[in-house]
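> pasting the structure only:
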């Protein structure tokens, strides 16, 4: 069955520390994976997609098919990165399956 | 350009009451969907539609009905509300959900509707 697992409910780091939000997936085909972010009092929005291999707001994510992972990383966290982060999998072009989300809290 | 508009933003219902959550988008998106967001459960898909006249069930469809008579609108109906339906509901649309590649997979979300069932 297709599944997205985010093992951490909450990740707390200090400003300037590296951040890694974990995401593992289960999918029988060729996966398309995404990270979405929900800042306080803002709409849920796309952060980045694996196929674009882009860096957005200093965040990157690499698809590792061997480990079935798509972890989100940033070398130096900022307070404005505090938000809820969701990993999502495109389910055969019909829907996005979301993980349970990880709350990132960055404090000074 | 309003994007995805949901109404109402807040609603309190009594058990057994019915109501409709409205969702409209002005981006000419063929794909629309409804999710519910619950603490510790993430976002779970309720129903989705790939175009006018076509709807399908998601992961948690029980207790909800949808219809898609126009491209713009995708209302979600609760026929007999239950406390287990207390949640935040999100409507989302996409132009390219069915396609792979660089443009695919981007959902545009509404602001959410917070529903409490007593």
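Yep, that arrived. Predicted model, so just to flag it, every value in this text is computed and none were measured. Residues are numbered from 1 along each chain as shown, chains lettered A, B, ... in the order given.

> switch to C-alpha atoms for all contacts and neighbour counts from now on
Will do.

> is it fair to say residue A:51 lies in a strand?
No: per DSSP: H, G, I helix; E, B strand; the rest coil, residue A:51 lies outside any strand segment and is helix.

> ok, it - how many residues close by?
When neighbours are defined as other Cα atoms under 10 Å in any protein chain shown, residue A:51 has 17 of them.

> ok, it touching residue A:32?
Yes: assessed by Cα atoms under 8 Å, residue A:51 is found in contact with residue A:32 at 7.1 Å.

> separation between whichever residue of chain B sits closest to chain A and residue A:85?
Residue nearest to chain A within chain B: residue B:42 (3.6 Å; Cα to the nearest Cα). For residue B:42, the distance to residue A:85 (Cα to Cα, to the nearest Å) stands at 10 Å.

> who touches both of the two?
Contact criterion Cα atoms under 8 Å, 6 or more residues apart in numbering or on different chains; residues shared by residue B:42 and residue A:85: residue A:101.

> between the two, point out the one with more neighbours.
Using other Cα under 10 Å as the criterion, residue B:42 and residue A:85 rank with residue A:85 on top: 27 against 20.

> which strand or helix spans the more buried one?
Using DSSP states H and E, the element containing residue A:85 is strand A:83-91.

> now do residue B:89
Here residue B:89 is assigned to strand B:87-94, by DSSP H and E.

> what about that strand, near chain A?
No: using Cα under 8 Å from any Cα of the partner chain, we find that strand B:87-94 stays clear of chain A, coming within 9.1 Å at best.

> quick check: end-to-end length of stretch B:67-76?
Termini of stretch B:67-76 sit 8 Å apart (Cα to Cα).

> that one: which residues count as buried?
Using 16 or more other Cα atoms under 10 Å in any protein chain shown as the test for burial, stretch B:67-76 gives B:67-68, B:71-76.

> closest one of those residues to residue B:38?
Nearest to residue B:38 among the buried residues of stretch B:67-76 is residue B:76, at 17.2 Å by Cα to Cα.

> neighbours of the nearest residue to residue B:29 once chain neighbours are set aside, how many?
Spatial nearest neighbour of residue B:29, excluding adjacent residues (Cα to Cα, 6 or more residues apart in numbering or on different chains): residue B:95 at 4.6 Å. The tally of other residues near residue B:95 (other Cα under 10 Å) stands at 19.

> which ones are touching residue B:95?
For residue B:95, the contact set (Cα under 8 Å, 6+ apart) comprises B:28-31, B:106.
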